[in-house]
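Visitor: Below are the sequence and a predicted model; questions follow.
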Amino acid sequence: MADGIVVKILGDHGPFSRIGKSIGYQITIGASNYLIDCGAPLFQHIGGHGLKNIDGLIITHCHDDQKRWYGDIALFSMYAADVLGS
């Protein structure tokens with residue numbers, strides 16, 4: 001992949017989101033991938049193998065609609081280490 005920044009919107013992108021459909025972003029900078037906020041259902045948007053490519057999480061604030069899936073990511077990382085390559 002060429003150097004640069006790519007922003008992918010995950011989930012809803014309007015001012016009012018439905019439960020479980022809040023927003024999150026996947027940011028790619030060169031060869032590095034980050035998630036900013038995790039309001040969107042990440043497993044539906046990028047899947048378990050997509051999570052393997054995430055280098056870090058950026059939390060902008062602690063509203064429930066922005067942090068909804070952090071717990072699931074932690075559990076997935078712990079119990080599906082074979083998928084994440086840990």
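Guide: Perfect, thanks for sending it.

Visitor: C-alpha from now on. contacts and neighbour counts both.
Guide: Fine.

Visitor: Which stretches in this protein count as helices?
Guide: With DSSP state H, the ranges of helices along the chain come out as 42-45, 47-51, 64-67, 70-79, 81-84.

Visitor: Which one, of those, ends up nearest to Ser22?
Guide: Closest approach to Ser22 among the helices of the chain is made by helix 64-67 (5.8 Å; Cα to Cα).

Visitor: Measure how buried Phe43 is and give me the count.
Guide: 15 (other Cα atoms under 10 Å).

Visitor: okay, it: pLDDT?
Guide: Phe43 is assigned a predicted lDDT (pLDDT) of 78.

Visitor: do Ile9 as well
Guide: 86.

Visitor: Show me what it is bridged to.
Guide: Tyr25 (DSSP bridges).

Visitor: hang on, the earlier thing: ranking the helices of the chain by burial, who's on top?
Guide: helix 64-67 (a mean of 18; mean count of other Cα atoms under 10 Å).

Visitor: Tell me where the model's unsure across the protein.
Guide: Within the chain, the ranges that satisfy pLDDT under 70 run 1-2, 13-21, 65, 67-68, 81-86.

Visitor: coming back round to it: and the helices of the chain as TSV, adding distance to Leu10?
Guide: Formatted as TSV, those follow (distance: least, Cα to Cα, whole Å):
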stretch	distance to Leu10
helix 42-45	7
helix 47-51	12
helix 64-67	11
helix 70-79	14
helix 81-84	20
